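Q: turn this into a model:
(chains A and B)
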Amino acid sequence: MNNTNQNTDWDIIVKPQSNFFKLDLKELWSYRDLVLLMIKRDLTALYKQTILGPVWMFLQPLFTTLLYTFLSHQAQLKTDNLPPLLFYLIGQTYWLYFAECFTKTSNTFIANASVFGKVYFPRLVMPISVMFSNLIRLGIQMLMMLCAYLFYLITTNDVTPSYSVLALQPVLILLLGLFALGLGILFSAVTTKYRDFSFLLGFGLQLFMFVSGIVFPASTFSEKTKFILMFNPVMSLTEAIKFGLTGQGYFSVVHIISAVVVIAIVLFFSIMVFNKTEKTFMDTV
Amino acid sequence: MNSKVIEINNLGKQYRLGQVGTSTLSDDFKRWLYKVRGKEDPFLKVGETNDRTQKGNSEYVWALRDINFSINKGEVVGIIGKNGAGKSTLLKILSRTTSPTTGEYKIKGRVASLLEVGTGFHPDLSGRENVFLNGAIMGMSKTEIKKQFDAIVDFSGVERYIDTPVKRYSSGMYVRLAFAVAAHLEPEILIVDEVLAVGDQEFQDKCLGKMKSVSGEGRTVLFVSHNMAAVKSLCKRCVVMRNGQVTFDGSVSDGISKYLEALNPSLNNGTIEAHHRTINSGNVFIKNIKIENQEFLTGNSIYFNNSISILMEIDFLNDFNDIIIDARINSNDGVELFHSMTLYDNDLIKVSKGVLQTKVNIENKLQPGKYFVSLGVHLSNGATLDYLENVLELNVLNVTNTNSKGLVYDFKLGYGRLNATWQIN
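A: Numbers count the residues shown, from 1 in each chain, chains lettered A, B, ... in the order given. Prediction:
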């Protein structure tokens, strides 16, 4: 057979080893309908057969906020110069987004093993759709936060928005989501082989919350400690969001830039690991 | 000239036994050390062929090794082999759910792999939502699914339930809907793994018919099955796998006999052991039996309508002058269907001490299915000297070797087909 001239037009060539970093955005784009359907599935299936339905979205941040408000009242915790309720509600709303994105994407491989084992599609579809469905959840939860926010904006003088930083908020939220995505898929890749990391994630995330400005604002730390802690992208991003909304908090361009750099590095590295894992994870999961 | 759509070169897949995954931490490290120094992976040299019944020395086995073949556009290829022969591993690699250890393959065109139906179905979502979701997972776009939606629902026959969550479906309805989506994928290459094993007869026929029409449209199909009738009626070419290697690649009927041969080589052609003997007097032994006719496929299988000849070597330790030899066939469910003995055609047999060769030729009017043959040596007074109950397993296939159309005999009421003539006016 004379097929030598056809060697050029193969659609798929699979070899054991592939490029170090391969992110086929074109392929990913061709599966955009799947991303949309996955987002829809995540949102509709989650509250099926519950009585309260999407109300649960509000209850979770609300109860945590009330608990912390009570604690801060008892233990005299500092909440910048904001009413504790507003401070914790803002913190919890964005933290929940980060934490949910992180934990939900961190079991991408294990949770989807049955699907991944049967059919091929770009595996990144799953974590990306998780990130977006959580973005929608965040949007809904922000409604509740905004109610409290507007209430305090009108009734007190402590809340003075910084409009220039407020305008940055969509970018800040996206960065927060990308950071969670990067960490999440990195964890999902390593947990396929070593499950130890899923245990680490559980309490690690809880500890991480305390150094991310959600419970203790940046202003409670000394200048030196604060400068170091702010290199944590979650802290610099949530502080900036809070600053934009209320004028309270800590916004520094240096730390936002450092956050962008850290997130870019984490994403690059984790996509690399993710790609490597997706080839053989069916043998290790 | 046909154009190749799949080309597989030296494909191999290695697994590590006993433990999770394909390697250990220390082996991973060793591997990495070799890689850094620019040497070949040391563990690729070790490893044994994959024979699950045999105990091996190496921790590493090759689930697939040195697979080489290519498939042209429009070919329908059946892949057959025993459990653990590597069929599913091959399909998994071709559908990109796991990657090979060695070698490479190239594919031209859109691939849809049906390793399972209903992949990604969410129990809480309605049939309608799941059709879209499943279609998207299989690589269809939303507009494509919309265009096909009515056809999918129509094919599945669950129109009434389409807005009910699929967890309320019966398992049959679930599979029907799931296969309906898969059947409307319209890929250039379809990879199917034993999905026909589910569903009722009507549905299985529907699936087979759909796959036939898919292949008729010039699309390429790779089909793994243990259902020889389906393979025979669907495929033109057949690849037989054994222990991770391709042992045969060619026509379907040759491939099937090759496969059946490998299935159980011992029974129909061998020395009788003590445990085969149900009754034995101690002075007569049926030593060897052998199925003699050419149509017999050595894996105990015989095509429908082909006669059976059994050759026996009987060792007599004494002289006898009133011997009767008999053969009987029982159905799989224990019904005695057939009995023949030498006394019907001959007188009592006189034998002197030594080995006697006997051959019996049985006309095969059995319906397709599984049967057992028993053989015995008796005296005229009814005493049994040697009796081998169900010593031969006989598998009558529902296909013939004489019928070139590969006609399938699937109506199998009862056990036998007596000759009958019909007059239609």
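
Q: list the contacts for residue 97?
A: All of this is about chain A. Each residue near residue A:97 by Cβ atoms under 8 Å, 6 or more residues apart in numbering or on different chains is listed here: A:134, A:135, A:137, A:138, A:141, A:173, A:176, A:177, A:180. For every residue, glycine as well, the C-beta is placed using N, CA and C.

Q: actually, chain B is the one I wanted.
A: Taking Cβ under 8 Å, 6+ apart as the definition, contacts of residue B:97 comprise A:116, A:117, A:118, A:119, A:120, A:282, B:113, B:115.

Q: try it again at 10 Å.
A: Counting by Cβ atoms under 10 Å, 6 or more residues apart in numbering or on different chains, residue B:97 touches A:115-120, A:278-279, A:281-282, B:91, B:113, B:115.

Q: could you do residue B:341 as well?
A: Taking Cβ under 10 Å, 6+ apart as the criterion, residue B:341 is in contact with B:324, B:325, B:326, B:327, B:328, B:360, B:376, B:378.

Q: show me the beta-bridge partners of it.
A: Counting by DSSP bridges, residue B:341 is bridged to residue B:326.

Q: what distance do you get for it to residue A:280?
A: 62 Å (Cβ to Cβ, to the nearest Å).

Q: what's the answer for residue A:33, then?
A: Residue A:33 sits 27 Å away from residue A:280 when distances are taken as Cβ to Cβ.

Q: do residue B:222 as well
A: In this structure, residue B:222 and residue A:280 are separated by 22 Å, where distance is defined by Cβ to Cβ.

Q: what does residue A:261 give?
A: From residue A:261 to residue A:280 the distance is 31 Å (Cβ to Cβ).

Q: that older thread, now intersect the contacts of residue B:97 with the helices, please.
A: A:115, A:116, A:278, A:279, A:281, A:282, B:91 (DSSP state H).

Q: and which of those is nearest residue A:165?
A: Using Cβ to Cβ, residue A:278 comes nearest to residue A:165 of these, at 38.0 Å.

Q: the closest one against residue A:116, yeah?
A: Yes - look at residue A:278 against residue A:116 with Cβ atoms under 10 Å: they come within range, at 7.7 Å.

Q: now do the shared contacts for the two.
A: Taking Cβ under 10 Å, 6+ apart as the criterion, residue A:278 and residue A:116 both touch A:108, A:109, A:123, B:97, B:98.

Q: top of the residues you listed by neighbour count?
A: Taking other Cβ atoms under 10 Å in any protein chain shown as the neighbour criterion, residue A:108 ranks highest of these with 28 neighbours.

Q: which non-adjacent residue is nearest it?
A: Distances taken as Cβ to Cβ, 6 or more residues apart in numbering or on different chains put residue A:188 closest to residue A:108, at 4.0 Å, once the chain neighbours are dropped.

Q: just the strands in chain A please.
A: A:12-14 (DSSP state E).

Q: tell me where the model's unsure across it.
A: Under the criterion of pLDDT under 70, the regions of chain A flagged as low confidence span A:1-8, A:17-22, A:284-285.

Q: okay, residue A:261 and residue A:280: which has more neighbours?
A: Here residue A:261 and residue A:280 are compared on neighbour count by other Cβ under 10 Å; more neighbours surround residue A:280, at 20 against 12.

Q: hmm, the more buried one is touching residue B:96, no?
A: No - when contacts are counted by Cβ under 10 Å, residue A:280 is not listed as touching residue B:96 (11.6 Å).

Q: anything in the host helix or strand of residue B:131 near chain A?
A: Using DSSP states H and E, residue B:131 sits in helix B:127-137. Yes - using Cβ under 10 Å from any Cβ of the partner chain, helix B:127-137 comes into contact with chain A via B:129, B:130, B:132, B:133, B:134, B:135, B:136, B:137.

Q: what residues does the closest residue to the last one other than its chain neighbours make contact with?
A: Nearest non-adjacent residue to residue B:137, counting by Cβ to Cβ, 6+ apart: residue B:120, 4.4 Å away. Listed by Cβ under 10 Å, 6+ apart, the contact partners of residue B:120 are A:34, A:37-38, A:41, A:112, A:114-116, A:118-119, A:121, B:130, B:133-138, B:178.

Q: in a markdown table, list the contacts of residue A:97 along with distance to residue B:147 and neighbour count.
A: Rendered in a markdown table, the data for those read as follows (distance: Cβ to Cβ, whole Å; neighbours: other Cβ atoms under 10 Å in any protein chain shown):
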| residue | distance to residue B:147 | neighbour count |
| --- | --- | --- |
| A:134 | 32 | 26 |
| A:135 | 30 | 16 |
| A:137 | 32 | 20 |
| A:138 | 35 | 21 |
| A:141 | 38 | 22 |
| A:173 | 37 | 19 |
| A:176 | 39 | 25 |
| A:177 | 34 | 23 |
| A:180 | 37 | 28 |
